[in-house]
Structures are given as structure tokens and as C-alpha cells.
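Colleague: Build me a structure from this.
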Amino acid sequence: SLTDGSTETFWESGDEDRNKTKWISVKLTGVAQARSIAVHVDNGRDIGNKVGSLSFKTGKSMDDMIVVKNLEVENRFAGWIMCFLNEGDSECVKIEVKGPDNTVRLRQ
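Modeller: A predicted model of the protein is given here:
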């Protein structure tokens with residue numbers, strides 16, 4: 001689960017996703033407006049599931065997304081990666097993940 005508050009649990013892509021861009025989407029509902037979203041990457045510990053790059057996209061729907069942040073992730077990086085969201089048009093967030101291995105892993 002990516003929302004349980006622990007960096008010991010994780011989301012991992014499946015082998016069937018080999019050579020494809022992996023992604024996670026979040027629909028933000030309710031009265032409160034999210035200002036940022038963060039994921040924890042541990043390339044030092046997640047051998048065979050490393051994250052090479054992340055792309056954060058936002059929009060009012062999954063069909064209407066703009067790129068807010070692109071970044072390359074170092075081979076031995078371990079830590080939080082945060083993306084600040086645009087005010088008013090971040091009802092949906094999509095995080096695209098690429099890596100050098102067949103699968104990737106995000107913690108939180």
C-alpha cells in the first residue's frame with residue numbers, strides 16, 4: 001500500500017509490464033486541495049527493481065494531463081522525491097516510472 005505511512009511496504013510493477021512505461025494514478029477528491037505529492041525510492045535496497053526516471057503529470061482528468069516535473073533518479077538514490085502541484089487543476093495525478101530493470105518499485 002502506498003498510503004500506509006511505512007517505507008517498508010511498496011508498489012511493484014509486474015513482469016508483464018516489461019519494456020513499457022509503468023504508472024500510478026491518483027484521483028484527488030474532496031474539499032481539500034492537495035499541494036504536493038511525494039514518493040519514496042530506495043534504489044540501494046531495491047536491487048532488480050530500480051527507478052531510473054519519474055514524470056509527474058496533473059490535470060482535471062486522466063485525458064487532460066500536463067507534465068509538472070520530470071527527473072532522472074541516480075542509481076544508488078534512497079529518499080523522498082516530492083512534486084508540488086498546480087493550484088486548482090490537480091484533480092488527477094499520474095506518476096510515470098521507468099527503470100533499467102524489468103520491474104520498478106516505489107515505496108510510499
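
Colleague: Check the protein and tell me which residue is nearest its centre.
Modeller: For the chain, the residue nearest the mean C-alpha position is residue 95 (3.9 Å; C-alpha atoms, centre = their mean).

Colleague: Show me what it is bridged to.
Modeller: On the basis of DSSP bridges, residue 95 is bridged to residue 24, residue 56.

Colleague: does it really touch residue 55, like I thought?
Modeller: Yes - counting by C-beta atoms under 8 Å, residue 95 does reach residue 55; the two are 7.3 Å apart. C-betas here are computed from N, CA, C, even on glycine.

Colleague: what is the mean pLDDT for the helix or strand encompassing residue 60?
Modeller: Assigned by DSSP states H and E, residue 60 belongs to strand 53-61. Across strand 53-61, pLDDT averages out at 92.

Colleague: cool, and stretch 36-46?
Modeller: Mean predicted lDDT for stretch 36-46 stands at 92.

Colleague: And the residue nearest to residue 90 when sequence neighbours are not counted, how far from residue 64?
Modeller: Nearest residue to residue 90 in three dimensions, chain neighbours excluded: residue 58, at 4.3 Å (C-beta to C-beta, 6 or more residues apart in numbering). According to C-beta to C-beta, to the nearest Å, residue 58 stands 10 Å off from residue 64.

Colleague: more neighbours, those two?
Modeller: Legend: neighbour count by other C-beta atoms under 10 Å for residue 58 and residue 64, higher for residue 58 (23 against 12).

Colleague: How about the contacts made by the more buried one?
Modeller: Contacts for residue 58 (C-beta atoms under 8 Å, 6 or more residues apart in numbering) come out as 65-66, 68, 85-86, 89-90, 92-94.

Colleague: Sort out which residues of stretch 80-89 are buried, please.
Modeller: 81, 83, 85 (16 or more other C-beta atoms under 10 Å).
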